[in-house]
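Novice: quick one, what's the 3D model for this:
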Amino acid sequence: MKFGLMFANVGPFSQPSGLTALAQSAEAHGIESLWTVEHVAVPVGYGSRYPYSPDGKMPAPDNAPIADPVLPLAFAAAVTKKIRLGTGILILPQRHPLYVAKELATLDQLSGGRAILGIGIGWLAEEFAALDIPFEERASRTREAVAVLRALWKEGPQSFAGKHYRFAALESNPKPVQKPGVPIVVGGHSDLSARRAARYGDGFFPAVSGPEQLEHLLGVMRDECAKLGRNPAEIEVTVGAGFVDADQARRYRDLGVARIGIAPPAFDPAGVASGLASFAEHVMNKI
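Specialist: The predicted structure follows:
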């Protein structure tokens, strides 16, 4: 079982000292990966329903500091040696895949092959409107963008002809260290997200409230894999649990989960270090 640390670019972790302490302490205590979140902007008074809380609002004020998801991972790469660096998640249909291919390949080069691209289709319609990107096209844009990324991470010039993205043969360099490219992890909480993971994901990051919902989504993913003739064991499963004890971690492991994402145990360096030391002793060392 691997353990990741989520929200690595939020609040004090968006600052150099906070992120350095978080990344280095996580690596020192055996945490396998760091994960960032994304909102390029938060429209004031948004009406879209946030799907992961009962009141439909994000659990932070609209003006909470949320740094870009990729740049902090490059910073973390420079102050660590082995911890993996993932976006959890990057809202892929809001970005042109030519830029994403370049950014993630660059991160993979700078980190020595430690990048993970976690993606989602987004939920905040007002944010899409501010970017002048049709909200109703986000699923099809995501599907095409994944195909573009995989093409551009191959050697040599590539062209693409789709509904949303079209370009003649061009070069996109550098290429990722990892072959055939940076792993793409599909996030989400719905049956559709589970099917997307089966169709084009290297991993699946279901946003679930507990093992029961997880079992359902994994069943949907495996059913879709069966239809496609794909081995579901090829898809690495990550869950974000906030906090787990050893028994809960074992239950997730028995369901086929490879990685559990936890929240930082504190916001200050001393609290992060002591909290992660306790987690390593009482959870990680007992799995």
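
Novice: list the helices and strands the helix or strand bottoming out on mean pLDDT in the chain packs on?
Specialist: Least confident helix or strand of the chain, by mean pLDDT, DSSP states H and E, is strand 236-242 with a mean of 93. Packed against strand 236-242, as judged by 3 or more C-beta pairs under 8 Å, 6 or more residues apart in numbering; DSSP states H and E, are the following elements: strand 203-206, helix 246-254, strand 259-262. In this view, the C-beta of every residue, glycine as well, is placed from N, C-alpha and C.

Novice: now those in a markdown table, with distance to residue 77, mean neighbour count and mean pLDDT?
Specialist: Putting the helices and strands packed on strand 236-242 into a markdown table (distance: least, C-beta to C-beta, whole Å; neighbours: other C-beta atoms under 10 Å; pLDDT from 0 to 100) gives the following:
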| stretch | distance to residue 77 | mean neighbour count | mean pLDDT |
| --- | --- | --- | --- |
| strand 203-206 | 20 | 25 | 97 |
| helix 246-254 | 27 | 15 | 95 |
| strand 259-262 | 19 | 24 | 97 |
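
Novice: of these, which is nearest residue 79?
Specialist: Nearest to residue 79, of all the helices and strands packed on strand 236-242, is strand 259-262, at 20.4 Å by C-beta to C-beta.

Novice: who are the packing partners of the longest helix seen in the chain?
Specialist: Identified as the longest helix of the chain according to DSSP state H is helix 211-228. Contacts defined by 3+ C-beta pairs under 8 Å, 6+ apart place helix 211-228 against helix 191-200, strand 203-206, helix 246-254.

Novice: out of these, which gets nearest to residue 128?
Specialist: Comparison of those against residue 128 by C-beta to C-beta identifies helix 191-200 as nearest, at 17.4 Å.

Novice: run the chain-centre distance for the closest one.
Specialist: Its chain's average C-alpha position is 15 Å from that of helix 191-200, according to C-alpha atoms, centre = their mean, to the nearest Å.

Novice: do stretch 172-189 as well
Specialist: Taking C-alpha atoms, centre = their mean, one finds the center of stretch 172-189 at 11 Å from the center of the full chain.

Novice: buried residues, that stretch. List them.
Specialist: 172, 175-178, 181-189 (16 or more other C-beta atoms under 10 Å).

Novice: how long is stretch 75-95 end to end?
Specialist: One end of stretch 75-95 sits 21 Å from the other (C-alpha to C-alpha, to the nearest Å).

Novice: now the helices for the stretch 1-150 of the chain?
Specialist: Applying DSSP state H, counting those that start in this stretch to the stretch 1-150 of the chain gives helices spanning 16-28, 71-78, 97-111, 125-131, 138-152.

Novice: kindly reformat the helices and strands packed on helix 211-228 as CSV containing distance to residue 84.
Specialist: Shown next, in CSV, are the helices and strands packed on helix 211-228 (distance: least, C-beta to C-beta, whole Å):
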stretch, distance to residue 84
helix 191-200, 19
strand 203-206, 12
helix 246-254, 18
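
Novice: residue 39: which of those is closest?
Specialist: Among the helices and strands packed on helix 211-228, strand 203-206 comes nearest to residue 39, with 17.0 Å by C-beta to C-beta.

Novice: and that closest one, which strands flank it?
Specialist: Sheet pairing here is set by DSSP bridges, and for strand 203-206 it gives strand 184-188 (parallel), strand 236-242 (parallel).

Novice: could you dump these to JSON lines with distance to residue 39?
Specialist: Below are the strands paired with strand 203-206 laid out as JSON lines (distance: least, C-beta to C-beta, whole Å):
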{"stretch": "strand 184-188", "distance to residue 39": "14"}
{"stretch": "strand 236-242", "distance to residue 39": "16"}
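
Novice: which residues touch stretch 59-75?
Specialist: 8-11, 13-14, 16, 19-20, 34, 36-39, 42, 44, 46, 53, 85-87, 90, 103-104, 106-107, 110-111, 115 (C-beta atoms under 8 Å, 6 or more residues apart in numbering).

Novice: please disregard the earlier target; I meant stretch 208-222.
Specialist: 189, 191, 193-195, 197-198, 204, 206, 232, 235, 237, 239, 251-252, 255-257.

Novice: got it, and stretch 9-16?
Specialist: 7, 18-19, 22, 36-37, 60, 64-69, 72, 75, 264, 267-268.
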